[in-house]
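Q: coords please:
(one chain, ligands or ions: 1)
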Amino acid sequence: MSDIQSITAQLVLFRDERDWAQFHNPKDLALALSIEAAELLELFLWKNAEDADTDKLKDELADVFSFAFLLAEKYQLDVQQIIQEKILKNADKYPVDLARGTAKKYDELY
Ligand SMILES: [Mg+2]
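A: Have a look, this model is predicted:
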C-alpha cells in the first residue's frame, strides 16, 4: 500500500466512524475541495507571501489534500497514477526547449 493509499484509508476510516459517507457525494467533495483551497488563499490575502501563517497553511493544505484524496477515492482513482499521467501530458504540452524559463501558457509557446 502506498503512502497515499494509507492516508486515504485513514480519511475513509475517519469518515466512516462518523457516518459521514452519506454527505460525501462527488459534488459536495468538489465544493469542499474548492472551499478549502479558498481558505488557503485567504492566508495570503492582503499580505506578502512570506507573512502567511505557516501553521495555518499546513492545516489548509492538509484540508485540500484530504478532500482531493477523498474525491479520488469516490471514483476509485489511483492518485499516484493519475498524477504521473498528468505529468506526462504536461511534458507533451510544455516541451523543455520551448517552456524553459517562461511562464507562457502552452498555447502561446508555438
Ligand atoms: Mg480548512
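
Q: flag every residue of the protein that's near the ion.
A: Counting by CB under 5 Å from the ion, the positions of the chain adjacent to the ion are 36, 39, 60, 63. Bear in mind the C-beta positions are built from the backbone N, C-alpha and C, glycine included.

Q: after the helix or strand the second one falls within, which helix or strand is next?
A: When secondary structure is defined using DSSP states H and E, the element that contains E39 is helix 26-42. Using DSSP H and E, the helix or strand that directly follows helix 26-42 along the chain is helix 54-74.

Q: with only the CA atoms kept, save that following helix in CSV.
A: Provided in CSV are the C-alpha atoms of helix 54-74 (Å, rounded to 0.1, in the frame of the first residue of the first chain):
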residue,chain,number,x,y,z
THR,A,54,2.8,28.6,8.2
ASP,A,55,0.9,26.6,10.8
LYS,A,56,-2.4,27.7,9.2
LEU,A,57,-1.0,26.9,5.8
LYS,A,58,-0.3,23.4,6.9
ASP,A,59,-3.8,23.0,8.1
GLU,A,60,-5.4,24.3,5.0
LEU,A,61,-3.1,22.4,2.7
ALA,A,62,-4.0,19.2,4.6
ASP,A,63,-7.7,20.0,4.1
VAL,A,64,-7.1,20.5,0.4
PHE,A,65,-5.2,17.2,0.0
SER,A,66,-7.8,15.4,2.2
PHE,A,67,-10.8,16.3,0.1
ALA,A,68,-8.8,15.7,-3.1
PHE,A,69,-7.9,12.2,-1.9
LEU,A,70,-11.5,11.5,-0.8
LEU,A,71,-12.8,12.7,-4.2
ALA,A,72,-10.3,10.4,-6.0
GLU,A,73,-11.4,7.5,-3.7
LYS,A,74,-15.0,8.2,-4.7
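
Q: about what we covered before: give me the helices and strands touching the helix holding E39, please.
A: Helices and strands touching helix 26-42, by 3 or more CB pairs under 8 Å, 6 or more residues apart in numbering; DSSP states H and E, are helix 54-74.

Q: in the helix it packs on, which residues are buried?
A: Going by neighbour count (16 or more other CB atoms under 10 Å), the buried part of helix 54-74 is 60, 63-73.

Q: which ones are touching Y75?
A: P26 (CB atoms under 8 Å, 6 or more residues apart in numbering).
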